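Novice: Fold the following and give me the result.
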Amino acid sequence: MELAVKSTVDARRPLQINLENNLGRYLQMMFEKQKSGLEKLKVASSDLENRPAPSSDATKESPAKSEPEASQMDHVNSISGIVNANSVLETS
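Specialist: Reported below is the predicted structural model:
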């Protein structure tokens, strides 16, 4: 019985070492990607800080964007009509 356990442990040991090595390489790669991503973010944010502020004309929202589109309202109205028709049928 002890021989079977020992051979199982001996067989698993190289697999465990291989797994740990692969995990270590993967984590190192993730840390490097994260570090380079943070550096890119810092560069991008410094570019934004150095960029002149947009003019007041560019920051104003157009009225067409703030109002719902007619097709969206039509869709909402058609759904309300279906709901109202179903409630009338259920009460009959």
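
Novice: Extract the residue ranges of the chain that are flagged as low pLDDT.
Specialist: The model of the chain has pLDDT under 70 over residues 52-92.

Novice: Show me the helices in it, by range?
Specialist: In order along the chain, the chain carries the following helices (DSSP state H): 2-50, 56-59, 63-66, 70-91.

Novice: how deep is G37 tucked in, by neighbour count?
Specialist: Counted with other Cβ atoms under 10 Å, residues neighbouring G37 total 10. Using the backbone N, CA and C atoms, a C-beta is placed for each residue, glycine as well.

Novice: Give the burial count for L41, as a bare number.
Specialist: 10.

Novice: ok, now the one 10 residues further on?
Specialist: R51 sits with 8 neighbouring residues when counted by other Cβ under 10 Å.

Novice: Let me see the contact set for it.
Specialist: Under the criterion of Cβ atoms under 8 Å, 6 or more residues apart in numbering, R51 has no neighbours.
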